[in-house]
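Trainee: predicted model and sequence follow; I will ask about them next.
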Amino acid sequence: MIIQKSDNLRISTFDPENFSFGNTFVDHMVICEFENGKWGEPKIVPYGPLGFSPAMMGINYGQACFEGMKAYKDKDGDVFLFRPEKNFARINKSASRLAMPEVTEEMFMDGIKTLVDMERAWIPHGEGLSLYIRPLIFATEEILKARISEKYMFAVVATPAKSYYTEPVSVKIAEYYSRSANGGVGFAKAAGNYAAAFHPTRLAMEEGYDQIVWTDDSTHQYLEESGTMNVFVRINDTIYTPPISEKILDGVTRDSFIQLAQSLQMNVQVEPISVDVVMEAQKNGTLREMWGVGTAVVTTVFKSFGFQNEKYDLPELSDEDSYALTIKNKLTSIQSNLCEDPFGWRLKVEKNN
Ligand SMILES: *Cc1c(COP(=O)(O)O)cnc(C)c1O
């Protein structure tokens with residue numbers, strides 16, 4: 001790996017007590033270019049803009065996908081990634097579906113570990129604090145032909161993140177719009193999936209909701225995901241989440257929640273959840289909790305949901321009574337090295353700089 005150090009470091013201006021997520025970037029980034037059928041040598045370069053033409057294929061035809069993962073710092077200053085091999089496998093699943101070249105494990109893992117190691121001073125320590133890491137692959141050939149690009153860039157940027165507490169949200173169960181379809185790209189972290197969800201989400205927000213619970217595109221009868229998170233429903237003392245499919249993204253947080261719930265002796269059923277079952281449980285008072293899970297905020301608890309122009313409130317549970325928050329606490333403790341890691345999920349980032 002080629003390392004070009006910045007001679008204009010911004011780390012001294014970073015205030016871990018006061019920063020905003022997503023627009024404060026660490027001093028360096030990883031880039032690697034694909035040309036003539038192969039990836040070149042990955043480089044660490046100063047963070048900054050890249051020069052591209054508006055004819056670049058990635059922005060015309062949407063050949064672009066990404067990942068979202070985090071690095072956590074413990075009280076001794078040790079830094080850990082969480083299940084990064086899952087993100088590596090998934091970026092290549094996304095890339096293949098979008099006819100893009102797969103990245104090598106070495107590029108992905110060494111690129112991220114080297115960047116995180118160099119930028120450890122940017123990782124805030126404390127509850128809900130982490131470094132959000134965004135690997136991405138996009139088509140860079142500058143040609144207006146609607147075909148598979150012959151040039152790509154793999155890049156990794158990172159931004160300090162905080163998610164102390166997220167307010168419970170109100171969600172609308174989708175009855176018209178869809179996030180994904182049979183034979184489509186819903187399982188991939190395709191950039192275009194986000195673009196396609198923005199307009200329906202804005203409409204739901206105009207109706208007073210925070211997010212959409214996506215349902216299957218053919219019948220709108222089965223819950224799929226919530227916004228850009230996987231969804232869980234608790235009826236009585238059983239947790240349900242739909243099985244992953246080509247329409248449902250295989251979330252790392254979802255998989256971790258299922259394993260943790262089982263290890264906490266909770267009853268978990270991975271099976272399709274119909275809107276009818278949710279409505280029935282709502283009517284007979286057995287619907288206890290609904291929530292979304294993903295890397296960014298770990299868990300978003302639902303306070304109410306809308307269906308067919310009616311809004312229904314969910315019970316307010318204490319942190320101890322909430323399965324969602326009990327599992328979330330366990331997960332964040334493992335991520336931040338506050339407890340044992342029986343699953344072997346943490347990967348320590350060694351100090352080499
Ligand atoms: C990224 C993403 C998730 C969450 O995946 P994690 O690996 O848990 O972060 C869920 N659904 C969609 C559509 C996503 O893009």
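Mentor: Thanks, I have the structure now.
Trainee: only the buried residues of the longest helix seen in the chain, if you could.
Mentor: Assignment by DSSP state H gives helix 191-206 as the longest helix of the chain. Neighbour counts over helix 191-206 (16 or more other CB atoms under 10 Å) mark 191, 193, 196-197, 200-201, 204 as buried. (C-beta placed from N, C-alpha, C; glycine too.)
Trainee: does anything pack onto that helix? Which helices or strands?
Mentor: strand 64-66, strand 211-215 (3 or more CB pairs under 8 Å, 6 or more residues apart in numbering; DSSP states H and E).
Trainee: this protein against the ligand: which residues are in contact?
Mentor: Proximity of the chain to the ligand (CB under 6 Å from any ligand atom) is limited to residues 68, 189, 225, 228-230, 249, 251-254, 294-295.
Trainee: among the residues you listed, name the buried ones.
Mentor: By neighbour count, with 16+ other CB under 10 Å, the residues of the chain next to the ligand hold 68, 189, 225, 228-230, 249, 251-254, 294-295 as buried.
Trainee: now these as TSV including secondary structure and pLDDT?
Mentor: Output for these, formatted as TSV (DSSP: H, G, I helix; E, B strand; the rest coil; pLDDT from 0 to 100):
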residue	secondary structure	pLDDT
Gly68	coil	98
Lys189	coil	98
Glu225	strand	98
Thr228	coil	96
Met229	strand	98
Asn230	strand	98
Leu249	coil	98
Gly251	coil	98
Val252	helix	98
Thr253	helix	98
Arg254	helix	98
Gly294	strand	97
Thr295	coil	97
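Trainee: could you check how far Phe25 is from Thr159?
Mentor: Look at Phe25 and Thr159: by CB to CB, to the nearest Å, they are 5 Å apart.
Trainee: tell me the contacts of the residue located most distally from the centre of the chain?
Mentor: What lies farthest from the middle of the chain is Asn284; by CA atoms, centre = their mean that is 34.0 Å. By CB atoms under 8 Å, 6 or more residues apart in numbering, no residues touch Asn284.
Trainee: phi first, then psi, for it.
Mentor: With angles defined as degrees, to the nearest 10, Asn284 shows backbone torsions of phi -90, psi 10.
Trainee: name the residues that touch the longest helix of the chain?
Mentor: Under CB under 8 Å, 6+ apart, the answer for helix 191-206 is 62, 64-66, 136, 138, 172, 174, 176-177, 179-180, 185-186, 210-212, 227-228.
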